[in-house]
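1. Fold the following and give me the result.
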Amino acid sequence: MLENCRNARERWGGVSELIDRWLKDRQELLVHYCDLSGESDFSQTEALKQKLDRLCEALLDYVSTGHFEIYEQLVREAREFNDGGLELAAKVYPRIEKTTEVALNFNDQLGQGELSEEDVAALFDQLSHLGETLESRFEMEDFLIKHLHSAHADKVESA
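-> This is a model prediction of the structure:
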């Protein structure tokens with residue numbers, strides 16, 4: 001998954017400052033995810049909760065930037081160029097929205113106060129599902145960037 005992030009940065013980095021920043025946020029999110037994914041000792045609940053908090057903070061920042069900045073820009077460009085991009089976005093965005101629900105549910109479970117060792121273990125069981133969901137989301141986002149932004153990059157930069 002981290003390698004896919006690097007590949008996306010190589011493909012889309014430099015297209016715009018906003019997307020560059022967002023891809024950097026994606027990489028930070030993945031670093032926090034990877035930092036947690038190898039854990040197996042759930043007895044250090046406070047230390048793990050801090051790591052989970054950092055993951056969730058990066059997760060919410062990433063998801064919010066996507067929804068409130070990146071996707072709006074992509075739709076604006078699709079509307080401007082009127083070459084089928086709006087229809088494409090209408091098909092992909094609902095699928096991305098489902099991944100947002102998974103991320104928000106994961107975050108909500110963390111925010112329920114003190115966590116026992118069992119609570120932390122349950123969160124780690126869900127961490128794998130979150131990782132799979134994020135990987136799917138990243139693929140869809142990269143697809144949208146390619147078809148709704150990069151396809152028009154020359155025209156956008158000259159505008």
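
2. Give me the buried positions along the helix ranked longest in the chain.
-> If you go by DSSP state H, the chain has its longest helix at helix 117-144. For helix 117-144, a neighbour-count test (16 or more other CB atoms under 10 Å) marks 119-121, 123-124, 127, 130-131, 133-134, 137-138, 141-142, 144 as buried. All C-beta atoms are positioned from the backbone trio N, CA, C, and that covers glycine.

3. Then stretch 53-71?
-> R54, L55, C56, A58, L59, Y62, V63, T65, G66, I70, Y71.

4. And the helix or strand hosting the second one, what does it pack against?
-> With secondary structure defined by DSSP states H and E, L55 is part of helix 45-65. Under the contact criterion of 3 or more CB pairs under 8 Å, 6 or more residues apart in numbering; DSSP states H and E, helix 45-65 touches helix 17-37, helix 85-110, helix 117-144.

5. and the angle from that helix to helix 117-144?
-> Interaxial angle of helix 45-65 relative to helix 117-144 (axes from the mean of the first three to the mean of the last three CA atoms, to 10 degrees): 20 degrees.

6. Check the spacing between E46 and S116 real quick.
-> Distance from E46 to S116, counting by CB to CB, to the nearest Å: 12 Å.

7. go on, P94?
-> Relative to S116, and taking CB to CB, P94 is found at 36 Å.

8. Could you double-check that L18 sits in contact with E72?
-> No: the pair L18 / E72 is not scored as a contact, 10.1 Å apart, by CB atoms under 8 Å.

9. coming back round to it: between the buried residues of stretch 53-71, which is closest to F42?
-> Distance to F42 across the buried residues of stretch 53-71 (CB to CB) is lowest for L55, with 15.2 Å.

10. is it possible to export the helices and strands packed on helix 45-65 to JSON lines including mean pLDDT and distance to Q50?
-> JSON lines is the format used below for the helices and strands packed on helix 45-65 (pLDDT from 0 to 100; distance: least, CB to CB, whole Å):
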{"stretch": "helix 17-37", "mean pLDDT": "91", "distance to Q50": "11"}
{"stretch": "helix 85-110", "mean pLDDT": "93", "distance to Q50": "11"}
{"stretch": "helix 117-144", "mean pLDDT": "90", "distance to Q50": "11"}
